[in-house]
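S.K.: Pasting the sequence and the predicted coordinates here, then a few questions.
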Amino acid sequence: MAKQKLSITPENKRERCVTGIDSLDSILNGGVPKGNCVLITGSCGTGKTTLSLEFLVHGALDSDNCLFISVTESSVKMLNNIVPYDFFDEELIDKGKLNFVDMPDIYTNINIVHKSEFEFEDINKIVKEIEKIVIEKDIHRLVMDSITSVCFQLKTEEKIRDFILNLMKMLSSHDCTSLLVSEISPEEPRYSLYGVEEAIADGIVLMGNLERHGDLLRTLQVVKMRGTEHSRAKYVLDLTPVGVLMVPLLKGGAVEGRD
Amino acid sequence: MVSKDELKDKLEALEEGTAVALKVDVDAYFEVITTITDELIRGKDMNVIYTTTTIPATSIIGVLDALEIPRDRVHFVDAMSYMTMGGSGRSSDVTYVESPTMLENIMLKIEYLLRKHPAETHTVVLDSINSLAIHNDMKILAEFLHIMVSNLRSYNCFTLIMAVAEQQAEDVDNVLAMVCDEFMAVTS
């Protein structure tokens, strides 16, 4: 096999996956570099699922085929609780642009639904099963909510690393830009529960709850994003029917320490 | 000094994207509010986003209704009603912010209304800078005004920042002078 020639692509030349969330695209200098695997990390109630779903809806409206893999709750329940977008069109689901799959169904298909701990061979099966859907439906945007719940059944750092590396490699090979939702507790001194996820991911978007004089503000900060220059400042966000909106966090009121 | 009768003409002459500080005598305050709302809607054919941090929006709605000023093009951001613990009830015409200290959320709700109700021109009224100064320190208030006015300019909005003359502190005047294009003192 001929050796692939190595080359350096200037940051501004990498093709972008426009998220459709104006402020996030502005922070990322045009969007997520195509094929990147991004960790959306934060504690509960910070807007991780809503932001991720909006990324898919905009993609579907822009003719990308999109897939939401729901791990923690059923897709039906999740959709019932999401902010009702003005721009959401149910036809996106009917036409197969926006697809929802529940992770337990994937486990059932590969006969591992009753296992409390997955082995290396199970990891391969999971990734292959997801790849089948990606190929069959020609998926170019994918969200897994949450990767932490999958990692619970992997137990060891080696298996988690193996799973995420395989998943990332597979998605990237199909030119699929993905958001992996990661749950952390507010006190967590790192960006992911196991520490492995953040080291491997191409990007980290940290979402938080910032308490300032008794007010609770939702915040977002892009900590890392390979392949683009980006702002690393903290923004305050609001989840609205017109989508996620952001403004800069006012520094005069910033508090010390990690939120 | 501008009399409240001259105010209509002054507003008429202002260009889009302008930010104006209106320092109003307390006796003329309500009349000025209704005059500018009426002038902006009927005279200048604009949508109005009325941000109140002083009294609940339902009170202003009551005044506009009493004076038969059409308010189908007025959208309210209310940062006071939560503070009064819901005594005046909630209105579907109003977008609520929990507290006047949540300055970022005030900006976010204004942006939400700008996107929700697209129009050629919008006016954003901020009523008032004095009440915001009660709840916020000057450093964060100045930062808020600077970012908000700059952001609204990018939308080509016309911004009116209301101030009660008798309650105005010098440092607030200085910030308004810095961020606004015009400073008008309105007398009764």
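M.R.: That came through, no problem.
S.K.: count of residues packed around the residue of chain B found nearest chain A?
M.R.: Per CB to the nearest CB, B:Ile140 is where chain B lies closest to chain A, at 3.2 Å. C-betas here are computed from N, CA, C, even on glycine. When counting by other CB atoms under 10 Å in any protein chain shown, one arrives at 19 neighbours for B:Ile140.
S.K.: SS state for it?
M.R.: Following DSSP: H, G, I helix; E, B strand; the rest coil, B:Ile140 is assigned to helix.
S.K.: Now for residue 23: which residues touch it?
M.R.: Just so you know, I chose chain A. With CB atoms under 8 Å, 6 or more residues apart in numbering or on different chains as the criterion, the residues that contact A:Ser23 are A:Tyr235, A:Leu237, A:Val244, A:Leu245, A:Met246, A:Val247.
S.K.: that's the other chain; I wanted chain B
M.R.: Applying CB under 8 Å, 6+ apart to B:Lys23 gives the contacts B:Ala163, B:Val164, B:Ala165, B:Gln168, B:Asp173, B:Phe183, B:Met184, B:Ala185, B:Val186.
S.K.: Most neighbours out of these, which is it?
M.R.: Highest neighbour count within the contacts of B:Lys23: B:Ala163, with 26 neighbours (other CB under 10 Å).
S.K.: Shouldn't that one be within a strand?
M.R.: Yes. Under three-state DSSP, B:Ala163 falls within a strand.
S.K.: which residues pair with it across the strands?
M.R.: B:Lys23 (DSSP bridges).
S.K.: Indicate whether stretch A:84-93 makes contact with chain B.
M.R.: Yes. Stretch A:84-93 reaches chain B (CB under 8 Å from any CB of the partner chain) through A:Asp86.
S.K.: Show me what counts as buried in that stretch.
M.R.: Residues of stretch A:84-93 classed as buried under the neighbour-count rule (16 or more other CB atoms under 10 Å in any protein chain shown) are A:Tyr85, A:Phe88, A:Leu92.
S.K.: Give me the mean pLDDT for it.
M.R.: Mean per-residue pLDDT for stretch A:84-93: 89.
S.K.: next one: that stretch to chain centre, how far?
M.R.: On the basis of CA atoms, centre = their mean, to the nearest Å, stretch A:84-93 sits 20 Å off its chain's mean C-alpha point.
S.K.: Could you tell me the end-to-end distance of that stretch?
M.R.: Stretch A:84-93 has an end-to-end distance of 15 Å (criterion: CA to CA, to the nearest Å).
S.K.: Quick check: the gap between the residue of chain B closest to chain A and B:Tyr96.
M.R.: Using CB to CB, to the nearest Å, one gets 21 Å for the distance from B:Ile140 to B:Tyr96.
S.K.: same thing with A:Ser52?
M.R.: Distance from A:Ser52 to B:Tyr96, by CB to CB: 26 Å.
S.K.: Close to chain B: what parts of chain A are there?
M.R.: Taking CB under 8 Å from any CB as the criterion, chain A approaches chain B at residues A:86, A:212-213, A:215, A:217, A:236-238, A:240-242, A:245-253.
S.K.: So which of these are in strands?
M.R.: A:Arg212, A:Asp215, A:Leu217, A:Val236, A:Leu237, A:Asp238, A:Thr240, A:Leu245, A:Met246, A:Val247, A:Pro248 (DSSP state E).
S.K.: Quick one, which of those are buried?
M.R.: A:Arg212, A:Asp215, A:Leu217, A:Val236, A:Leu237, A:Asp238, A:Thr240, A:Leu245, A:Met246, A:Val247, A:Pro248.
S.K.: Sort those residues by pLDDT and name the bottom one.
M.R.: Among those, A:Arg212 has the lowest pLDDT, at 88.
S.K.: which helices and strands does whichever strand or helix holds B:Gly62 pack with?
M.R.: Under the criterion of DSSP states H and E, B:Gly62 resides in helix B:57-66. Packing partners of helix B:57-66 (3 or more CB pairs under 8 Å, 6 or more residues apart in numbering or on different chains; DSSP states H and E): helix B:29-38, strand B:47-52, strand B:74-78, strand B:94-96.
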